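# Have a look at this prediction, sequence included:
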Amino acid sequence: MIEIGSKAPEFTLADQSGTEHSPLSTGGPVVLFFYPKDDTSGCTKEACQFRDMKGEFEKAGASVFGISPQDVKSKSKFAAKHDLNFPILADDDAVVCEQYGVWQEKSMYGKKYMGVVRTTYLIGPDGTVLQRWDKVKVDGHGDAVLHSL
């Protein structure tokens, strides 16, 4: 995990339409929410919170980006199905997830596997991590992030 006060790694990833984004070069605060998998219940609920609050984040000068380790095709289906109005970035080789420390060993039904631990970073205009939410609980998360701006 990247500590608060540290520089966030720069990266470029494609979104649901194949457009490349370098979020840290937006010039304003950036919200990066890492989620495990497109179109699953918790991930959909989290993405829809950010969708519904997009205007409030824009008023605060912040850009929002979702990131998970599925490909552009998966992102396209997810975004279209739920009318997601912000970039959902495809980190299909999990390199950025690893850089941000969210690609971790998980366990389900006694079976261990690698996956994304739901985490959100708030990054300032200078690329410094201002806030980090670990093992995010989805309910009310969008509000918590917005109130940190």
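Arrived safely, thanks for sending.

# May I have the beta-bridge partners of the residue nearest the centre of the chain?
For the chain, the residue nearest the mean C-alpha position is F33 (2.2 Å; C-alpha atoms, centre = their mean). Per DSSP bridges, residues listed as beta-bridge partners of F33: G66, T120.

# Could you report the pLDDT at it?
On the pLDDT scale, F33 is placed at 98.

# List the contacts of it.
With contact set as C-beta atoms under 8 Å, 6 or more residues apart in numbering, F33 has these partners: E46, F50, V64, F65, G66, I67, R118, T119, T120, Y121, V136, V145. No exception for glycine: its C-beta is placed from N, CA and C like everyone else's.

# Okay, it and F50: tell me how far apart.
7 Å (C-beta to C-beta, to the nearest Å).

# anything in contact with each of the two?
Counting by C-beta under 8 Å, 6+ apart, the residues touching both F33 and F50 are V64, G66.

# Okay, strands next: where are they in the protein?
For the chain, applying DSSP state E gives strands covering 13-14, 20-21, 30-34, 63-68, 88-90, 103-108, 111-116, 119-123, 129-133.
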